[in-house]
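J.: need a 3D model of the following:
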Amino acid sequence: MATRNVNLTDALDRFVAELVESGQFQNASEVVRAGLRALKAEQEARPGKIEALREAIQAGLSSGPGIVGDDIDAYFEKMGQEIEAAFDAQTVTRTPAE
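T.: Predicted coordinates:
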């Protein structure tokens, strides 16, 4: 296994010490390796996340015009009325089973 010397800020040094003292890790090397594994996983996942965001943006753009700020209150008022109408249409009077 390769050996590296790493300079840490005081805050990071305290964090590493806390993790070791808590028993979560045996030593500072384990903490650093775990951190590097997490960073590697994040870097490997990044292209997929970016592509998913691009697809979501495109889907939003393709879904039609947006709502102008002045129209937002009217939009939510209309949505509320439609929801109430849908619930009213589904209201069924039940008779007790004999």
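J.: what stretches of this structure score poorly on pLDDT?
T.: Across the chain, the ranges flagged by pLDDT under 70 are 91-98.
J.: so which residue is dead centre in it?
T.: For the chain, Lys49 is the residue whose C-alpha lies nearest the centre (C-alpha atoms, centre = their mean; 10.8 Å).
J.: for it, give its distance to Leu61.
T.: To Leu61, Lys49 is 19 Å away according to C-beta to C-beta, to the nearest Å. Every residue, glycine included, has its C-beta placed from N, CA and C.
J.: Leu19 too?
T.: Per C-beta to C-beta, Leu19 is found 44 Å from Leu61.
J.: which of the two has more neighbours?
T.: Comparing Leu19 with Leu61 by other C-beta atoms under 10 Å, the one with more neighbours is Leu19, at 17 against 10.
J.: wait, that one touches Phe25, no?
T.: Yes: with contacts counted by C-beta atoms under 8 Å, Leu19 reaches Phe25, the gap being 5.1 Å.
J.: can you work out which residues contact both of those two?
T.: Common neighbours of Leu19 and Phe25, using C-beta atoms under 8 Å, 6 or more residues apart in numbering, are Val31.
J.: burial count for Val16?
T.: Using other C-beta under 10 Å, Val16 has 20 neighbouring residues.
J.: can you name the residues that contact it?
T.: Neighbouring residues of Val16 by C-beta under 8 Å, 6+ apart: Leu8, Ala28, Val31, Val32.
J.: kind regards, and thank you for your time.
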